[in-house]
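Enquirer: Below is the sequence, then the predicted model.
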Amino acid sequence: MTNRTTDEETRDPPFFEVVEKRVSVRRYKPDPVPQVHLEKILNSARLAPNSGNQQACRYLVVRDREKLDKLKEDCIKTRESVLRARGDEVPDEETLRKHYNDVFSAPLYILVLVDKTARYKGYEDKDGSIAACHIMLAARAMGYGTVFYTDSVPEELCMKNFDIPEKYSRTCMIPVGVPESWPERRNRLPLDELVFYEKIT
Ligand SMILES: Cc1cc2nc3c(=O)[nH]c(=O)nc-3n(C[C@H](O)[C@H](O)[C@H](O)COP(=O)(O)O)c2cc1C
């Protein structure tokens, strides 16, 4: 599987290679994502399993730099109180700004939304997360990086800045773009620590 360059043709790499190579990317090049690639990624979300096939997920694509910059400033303003509330260390303003410059460096963002008024309740984050997973794997198959942002870009700020109707909950916000570089895969526990057969021991 290749690392995408702007003019690279897509091919379909084997599924397990995609799973191995997907890592969270938090810094992007400004290269645009062509509409045809975006639609292939969104179509993978459309085909994701979902509760009762009620298809309550919606996808808001944001490319507007002005809107993204405004959201970035709001994230920077509110981050200190979020970190304090969690008992986490608060970085200085410059570090925080550099972090959010990276968070908002992608050429486009997909917000995964779920209609809370759908018939079967309580599945919002399950449906949204599975759709998000399809997005992230499809994007990786095409050589793009992604990450599943939740607290880093708070839901309420997205609702306000993108004027999202209250009937939706936001599962996550996913940047899609060409990575500045591909991060190392983070360690995972070995399978024998994670899997039990028949009984948890
Ligand atoms: C439910 C969920 C919430 C996450 N929220 C954030 C987040 O707010 N900010 C962030 O930088 N990464 C977030 N991530 C990404 C994880 O940090 C990342 O998947 C994890 O560290 C494993 O790294 P990998 O994706 O590179 O394998 C989230 C992932 C999940 C599944």
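Expert: Perfect, I can see it now.

Enquirer: so who does Leu42 touch?
Expert: 59, 61, 110, 135 (C-beta atoms under 8 Å, 6 or more residues apart in numbering). Where you see a C-beta, it was placed from the backbone N, CA and C, and this is true even at glycine.

Enquirer: Kindly tell me how buried the last one is, as a neighbour count.
Expert: Look at Ile135: counted by other C-beta atoms under 10 Å, it has 24 neighbours.

Enquirer: Also the one 10 residues further on?
Expert: Other residues within reach of Gly145 by the criterion other C-beta under 10 Å amount to 27.

Enquirer: List the contacts of the nearest residue to it once chain neighbours are set aside.
Expert: Distances taken as C-beta to C-beta, 6 or more residues apart in numbering place Val25 nearest to Gly145, at 2.9 Å, with adjacent residues excluded. Residues near Val25 by C-beta under 8 Å, 6+ apart: 145-147, 175, 177, 179, 182-183.

Enquirer: go on, Tyr100?
Expert: 72, 75-76, 79.

Enquirer: how about a cut-off of 7 Å?
Expert: Contacts for Tyr100 (C-beta atoms under 7 Å, 6 or more residues apart in numbering) come out as 72, 75-76.

Enquirer: circling back: ok, the residue nearest to Gly145 to Glu17 distance?
Expert: According to C-beta to C-beta, to the nearest Å, Val25 and Glu17 sit 17 Å apart.

Enquirer: Within the helices and strands, which one has the residue nearest in space to the middle of the chain?
Expert: Closest residue to the average C-alpha location of the chain: Ile174 at 2.4 Å, with C-alpha atoms, centre = their mean. In this structure, Ile174 sits in strand 168-176 according to DSSP states H and E.

Enquirer: distance between that strand and the chain's centre?
Expert: Relative to its parent chain, strand 168-176 has a centroid offset of 6 Å by C-alpha atoms, centre = their mean, to the nearest Å.

Enquirer: How about it and the ligand, touching?
Expert: No. Contact of strand 168-176 with the ligand is not found when judged by C-beta under 6 Å from any ligand atom; the minimum separation is 6.6 Å.

Enquirer: Show me what from this protein comes close to the ligand.
Expert: Residues of the chain lying near the ligand (C-beta under 6 Å from any ligand atom): 23-24, 26, 147-152, 186.

Enquirer: Give me the local confidence score for Cys57.
Expert: Cys57 carries a pLDDT value of 98.

Enquirer: Now it: closest residue in space that isn't a chain neighbour?
Expert: Distances taken as C-beta to C-beta, 6+ apart place Ala131 nearest to Cys57, at 4.7 Å, with adjacent residues excluded.

Enquirer: Just to check, the residue nearest to the centre of the chain is in contact with Ser152?
Expert: No. The pair Ile174 / Ser152 is not scored as a contact, 11.6 Å apart, by C-beta atoms under 7 Å.

Enquirer: thinking again about what came up before, count the neighbours of the residue nearest to Cys57 for me.
Expert: So Ala131, with other C-beta under 10 Å, has 30 neighbours.
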